[in-house]
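# A predicted structure for the sequence below; I have some questions about it.
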Amino acid sequence: MHRHLLPILAVAATLASLPATAQEIDEMTSAPIIGASLTDRFWVQSEQDAGLPGSMVVFLSEGTMLQDSCWETYRLSNWQMTGEESLSWQEDTATIEADIIELNEAELVLALHLGDEIVEKRYAAAAVPFVCPDMPR
């Protein structure tokens, strides 16, 4: 009879550690990022670099990168730091390597190594709220 109580007690212990109400969940917040951080923030590419507005990237601290834009579908990729000021990510079957040229609270500048070419990409921390502009058809 005691064996049947163990799963029930395990579930009860798990539920006891979770917030009890939706209000408690709404009151949960995460600390703001202080100082320059590459991860866990939206970086919007400058229009001069992208040609069109709304190209953005997010480097999640858990190792996933989200790339999106106002005119294309999103891409999820694995990324990693390869040095103190360098990183890489996968795009399809290619590994993209990049150096961090500039990183502060407002700006991210990457130098992407694309074959024999080095391409500089400039990003600014995204303003919130952000809405993609209407694109001409």
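Happy to help now that I have it.

# how far away is Thr93 from Ser77?
12 Å (C-beta to C-beta, to the nearest Å). Yep, even glycine has a C-beta here, placed from its N, CA and C like the rest.

# correction: the previous question concerned Ile100.
From Ile100 to Ser77 the distance is 17 Å (C-beta to C-beta).

# neighbour-wise, which of Thr93 and Ser77 wins?
Between Thr93 and Ser77, counted using other C-beta atoms under 10 Å, Ser77 has the larger neighbour count: 17 against 5.

# and the more buried one, what pLDDT?
Note on Ser77: pLDDT of 95.

# show me what it bridges to in the sheet.
For Ser77, the residues forming beta bridges with it (DSSP bridges) are Met65.

# for Ala98, same thing?
Counting by DSSP bridges, the residues bridging with Ala98 are Leu87, Leu112.

# got the contact list for it?
Ser86, Leu87, Ser88, Leu110, Ala111, Leu112, His113, Lys121 (C-beta atoms under 8 Å, 6 or more residues apart in numbering).

# okay if I get those residues as TSV plus pLDDT and neighbour count?
Converted to TSV, the contacts of Ala98 look like this (pLDDT from 0 to 100; neighbours: other C-beta atoms under 10 Å):
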residue	pLDDT	neighbour count
Ser86	96	15
Leu87	96	18
Ser88	97	16
Leu110	96	22
Ala111	98	16
Leu112	97	13
His113	97	15
Lys121	93	18
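
# name the nearest of the residues you listed relative to Met56.
Taking C-beta to C-beta as the measure, Met56 lies nearest Lys121 of those, at 11.4 Å.
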